[in-house]
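Student: Have a look; sequence and predicted model below, questions after that.
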Amino acid sequence: MKKVIVTGANGFVGSTLCKELCKIGVEVIAIVRNQDEKISEIAGNKGIRIVYSDLRDFHLLADLIPDRDIDVIYHLAWIGSAGYRRCDAEVQINNVKYTCDTVKACAALGCKRFVFASSIMEYEIEAIMETEAVPEINTLYSSAKIAADYMARAVAGNLGIDYIRAVISNVYGPGESNPRLVSTSLRKMLNGEHCSFSAGEQLYDFIYIDDAAKSFIEIGKKGKANKTYYIGSLNPRPLKEFLIKMRDLVDPSIEIGLGELPFNGVSLTYKEFDIYAVKDDTGFAPIVGFKEGINNTIKWLRGTI
């Protein structure tokens with residue numbers, strides 16, 4: 001693998017993926033929405049070329065990019081992966097179209113491998129839909145991800161492209177700005193704010209950002225066509241174990257409110273995934289343990305790294 005495209009290249013996962021690719025000498029064409037976007041995390045890496053394109057124009061990527069020797073397209077770009085636009089049906093439906101447009105651009109560029117960044121949340125909405133419960137409006141995001149996966153895989157197969165799906169579990173680490181569980185909870189603990197949680201009995205999994213990026217790289221190189229790869233650790237555990245470890249690394253004397261909130265979500269058994277697929281097919285296994293990863297994240301939040 002010598003040259004790749006990364007869409008959503010300035011996001012949390014995308015920027016780290018770009019950096020890790022550059023470290024191993026892969027040339028990266030980084031697709032960023034516009035010149036107003038922050039690119040400091042990727043601009044200084046040797047081997048990076050930045051191309052500006054809005055998602056709605058991804059069908060024109062073959063006109064913007066003259067290269068015809070691209071090995072893999074990693075598609076991470078998605079509008080409304082967090083925040084209020086998760087609940088916007090039009091936005092999420094458009095994401096499905098844009099994903100299919102990117103597959104078609106992959107073919108026009110002569111690229112034969114396409115890696116789609118998917119989400120563990122898709123499995124939660126599938127479980128809800130098997131019951132009589134009314135889905136919350138923010139599940140439109142998960143539903144669109146499922147639709148994009150099915151449709152992009154069909155389009156890719158018709159165009160002779162190897163389509164690979166990467167299901168991201170819970171990624172954490174330095175640089176995370178979105179209000180996800182680890183970053184939000186650590187910030188509160190460091191600021192002396194009280195944290196309330198459910199009882200934390202449900203199984204959970206986390207993967208450090210560098211390991212997540214390396215998993216993406218390996219499935220891009222060695223992943224099997226039409227296969228789903230779970231990007232997480234090899235050791236899901238009850239959520240409360242992770243929360244207590246986070247608390248202990250910040251300050252063991254802090255009281256955290258386990259059980260103060262009701263749990264209204266879906267409990268996954270993790271039998272829904274082949275958690276060993278990345279290791280079995282590529283040989284890569286996560287390197288950074290949870291303790292080390294949380295310590296690195298704490299240092300970043302404190303501004304010491």
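Tutor: Looks like it arrived, so ask away.
Student: quick one: low-confidence parts of the stretch 101-250 of the chain?
Tutor: Within the stretch 101-250 of the chain, not a single segment meets pLDDT under 70.
Student: Walking through this structure, point out its helices one by one.
Tutor: Applying DSSP state H to the chain gives helices spanning 12-23, 40-43, 61-64, 89-108, 121-129, 140-158, 181-190, 209-222, 239-250, 277-282, 290-301.
Student: Mind putting those helices into CSV with mean neighbour count?
Tutor: Where C-beta positions appear, they are placed from N, C-alpha and C, glycine not excepted. Rendered in CSV, the data for the helices of the chain read as follows (neighbours: other CB atoms under 10 Å):
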stretch, mean neighbour count
helix 12-23, 23
helix 40-43, 15
helix 61-64, 17
helix 89-108, 20
helix 121-129, 18
helix 140-158, 20
helix 181-190, 18
helix 209-222, 23
helix 239-250, 18
helix 277-282, 17
helix 290-301, 18
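Student: Out of those, the one nearest M1 is which?
Tutor: Closest approach to M1 among the helices of the chain is made by helix 209-222 (5.0 Å; CB to CB).
Student: what's the closest one packed up against?
Tutor: When contacts are defined as 3 or more CB pairs under 8 Å, 6 or more residues apart in numbering; DSSP states H and E, helix 209-222 packs onto helix 12-23, strand 72-75, strand 113-119, strand 162-168, strand 171-172, strand 228-231, helix 277-282.
Student: right, and these - which one's nearest I39?
Tutor: Among the helices and strands packed on helix 209-222, the nearest to I39 by CB to CB is helix 12-23 (8.6 Å).
Student: follow-up on the earlier one: how about the helices and strands packed on helix 209-222 in TSV, adding distance to K214?
Tutor: Putting these into TSV (distance: least, CB to CB, whole Å) gives the following:
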stretch	distance to K214
helix 12-23	6
strand 72-75	13
strand 113-119	13
strand 162-168	12
strand 171-172	12
strand 228-231	10
helix 277-282	9
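Student: Need the helices of the chain in a markdown table (columns: distance to Y74).
Tutor: Formatted as a markdown table, the helices of the chain follow (distance: least, CB to CB, whole Å):
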| stretch | distance to Y74 |
| --- | --- |
| helix 12-23 | 6 |
| helix 40-43 | 13 |
| helix 61-64 | 13 |
| helix 89-108 | 10 |
| helix 121-129 | 18 |
| helix 140-158 | 13 |
| helix 181-190 | 23 |
| helix 209-222 | 6 |
| helix 239-250 | 27 |
| helix 277-282 | 15 |
| helix 290-301 | 22 |
